[in-house]
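**Student:** I would like to see how this sequence folds:
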Amino acid sequence: MKAKMVVLVVVLLLVAMVPAMVMAKSQAKPENTGRVTLDTVSYTHLRAHETVLDLVCRLLLEKKKNTQTSEIKEL
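**Tutor:** Residues are numbered from 1 along each chain as shown. As a prediction, the model looks like this:
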């Protein structure tokens, strides 16, 4: 009998808390849903966050681009 009473009290407390929990969730900041949003950023912003690896890759790509354009001009 005592165990049933404890279970009943717990259930009643949980039921009483549900509206408060729903209200708090609706007013909370949006959760991270795993979706990726793409916002445009400037080239300067990208360069400001450039790592050493990014810098090396960018310079190699620029060098490759410059050699290809110079080869095309020679033809």
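
**Student:** which residues in the chain form helices?
**Tutor:** Along the chain, the stretches classed as helices by DSSP state H are 2-27, 43-48, 52-74.

**Student:** lowest confidence element among the helices and strands of the protein?
**Tutor:** Among the helices and strands of the chain, helix 2-27 carries the lowest confidence by mean pLDDT, DSSP states H and E, at a mean of 62.

**Student:** And the pLDDT for Ser42?
**Tutor:** As predicted, Ser42 sits at a pLDDT of 88.

**Student:** That one: neighbour count?
**Tutor:** 8 (other C-beta atoms under 10 Å). All C-beta atoms are positioned from the backbone trio N, CA, C, and that covers glycine.

**Student:** Distance of it relative to Leu53?
**Tutor:** In this view, Ser42 and Leu53 are 21 Å apart by C-beta to C-beta, to the nearest Å.

**Student:** go on, Leu59?
**Tutor:** Noted for Leu59: a distance of 11 Å to Leu53, by C-beta to C-beta.

**Student:** Please apply the same query to Lys4.
**Tutor:** To Leu53, Lys4 is 64 Å away according to C-beta to C-beta.

**Student:** what's the answer for Thr40, then?
**Tutor:** 23 Å.

**Student:** Looking only at neighbour counts, state which of the two leads.
**Tutor:** Leu53 (8 against 5).
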